[in-house]
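K.L.:
next comes the sequence, and after it the predicted model I'd like to discuss.
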Amino acid sequence: MPRVKKPRPSPFVQDRPSQWQVIRRRVRRTLMPTVAGIVLVGGLGGVVGIVHVFGQGESFRERMGHATAWLGLRVRTIDIQGRQKTPEPLLRAALGIGTGEPILSYSVADARARIESIQWVRSATVARRLPDTILVQLVERRPFAVWQHEGKFVLIDRDGQIVTDSDVASFASQLPLVVGLGAPTAAAALEDALAAQPEIQARVSAAVRVGERRWNLRLTNGTDVLLPEGAEVKALAWLAEQQAARHLLDRPLQALDLRLPDRMVFRPQPAHAADPKDAQPPQARKPT
């Protein structure tokens, strides 16, 4: 009789794990997270223990900083970039940290706020570079004009923010002088308008803000040019044309009123004011 071959068990049946294999896999899946959790908790417990044993200070952050400093995380380098005019003693005091101090307990956000309160500083970035470096990057304000108000002179930037009230005299010959309440915030627009008319700009010794609305220009020869409110660009362009055609600003005038749109008003220089400096009021003089 021919032999009858027994059917082979399907691969699915052969690959089916035994009962012990199933139990072992279940135990492994349960045990591994448990072991990992125990290791993590143990590590955290060790860190907390080190903090409490070696740390000093009232808050956990301070204790953490001192504990990690014991492990070597201390400030060894303070890298300051972008400083030109900011007084270094003020900057160091605002930074509030020195070499050898714990680096992790140091608040870079608080330090940045203190540094940005310095008038010379426009913006600042303070960052840790572990294990031992504090990096400070400064963007300083750039003096744009000298502002005179109530007898005091200060440097202002293009946004009208005060830069400093010291060492003003060293900038006086390089920067325009603006006078009066409201002058700082309006100075940039006026200087841009004057820059478009260099012949006029070269003759201006001071710009006086009137009523926080408009400008009077004090020229080097003592003449006052009264500009209209909100129409400085047009008035200065017209004045430049008149100067080129008629040499208007070379005449002995006390004032030149450009506030009326359809006419120009002249006021002659008084006969006794032979020296133009005699007609220059104190508020238009630059600091010395």
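P.N.:
Now that the structure is in, tell me what you want to look at.
K.L.:
would you list every one of the helices in the chain?
P.N.:
11-15, 19-54, 60-70, 88-95, 108-116, 169-172, 183-195, 198-201, 232-246 (DSSP state H).
K.L.:
lowest-confidence stretch among those helices?
P.N.:
Here the lowest mean pLDDT among those goes to helix 11-15, at a mean of 51.
K.L.:
list the contacts of stretch 183-198.
P.N.:
Defining contact as C-beta atoms under 8 Å, 6 or more residues apart in numbering, one finds that stretch 183-198 is touched by 144-145, 147, 149, 156, 158-162, 176, 178, 200-201, 204, 207-209, 215, 232-233, 236-237, 239-240. Where C-beta positions appear, they are placed from N, C-alpha and C, glycine not excepted.
K.L.:
ugh, typo on my part, it should be stretch 153-164
P.N.:
85, 119-120, 122, 141-147, 165, 168, 171-172, 175, 178, 184-188, 286-287.
K.L.:
likewise for stretch 251-264?
P.N.:
Looking at what lies outside stretch 251-264 - C-beta under 8 Å, 6+ apart - the contacts are 214, 221-229, 231, 235, 238-239, 242, 248-249, 265-270, 273, 279.
K.L.:
now restrict those residues to buried residues only.
P.N.:
Those of the contacts of stretch 251-264 that meet the buried threshold are 214, 221-227, 235, 239, 248-249, 269, 279, by 16 or more other C-beta atoms under 10 Å.
K.L.:
and of these, the nearest to Ala127?
P.N.:
Of all the buried ones among the contacts of stretch 251-264, Ala127 sits closest to Arg214, with 46.3 Å by C-beta to C-beta.
K.L.:
can I assume the closest one is in contact with Leu227?
P.N.:
Yes: assessed by C-beta atoms under 8 Å, Arg214 is found in contact with Leu227 at 5.9 Å.
K.L.:
quick check: phi and psi at Thr223.
P.N.:
phi -80, psi 140 (degrees, to the nearest 10).
K.L.:
which ones are touching it?
P.N.:
Neighbouring residues of Thr223 by C-beta under 8 Å, 6+ apart: Leu249, Leu253, Gln254, Ala255, Leu256, Gln269.
K.L.:
kindly recompute the last result at 6 Å.
P.N.:
Under the criterion of C-beta atoms under 6 Å, 6 or more residues apart in numbering, the neighbours of Thr223 are Leu253.
K.L.:
ok, it to Leu253 distance?
P.N.:
The spacing between Thr223 and Leu253, counted by C-beta to C-beta, to the nearest Å, is 5 Å.
K.L.:
swap in Pro184?
P.N.:
Using C-beta to C-beta, Pro184 is found at 29 Å from Leu253.
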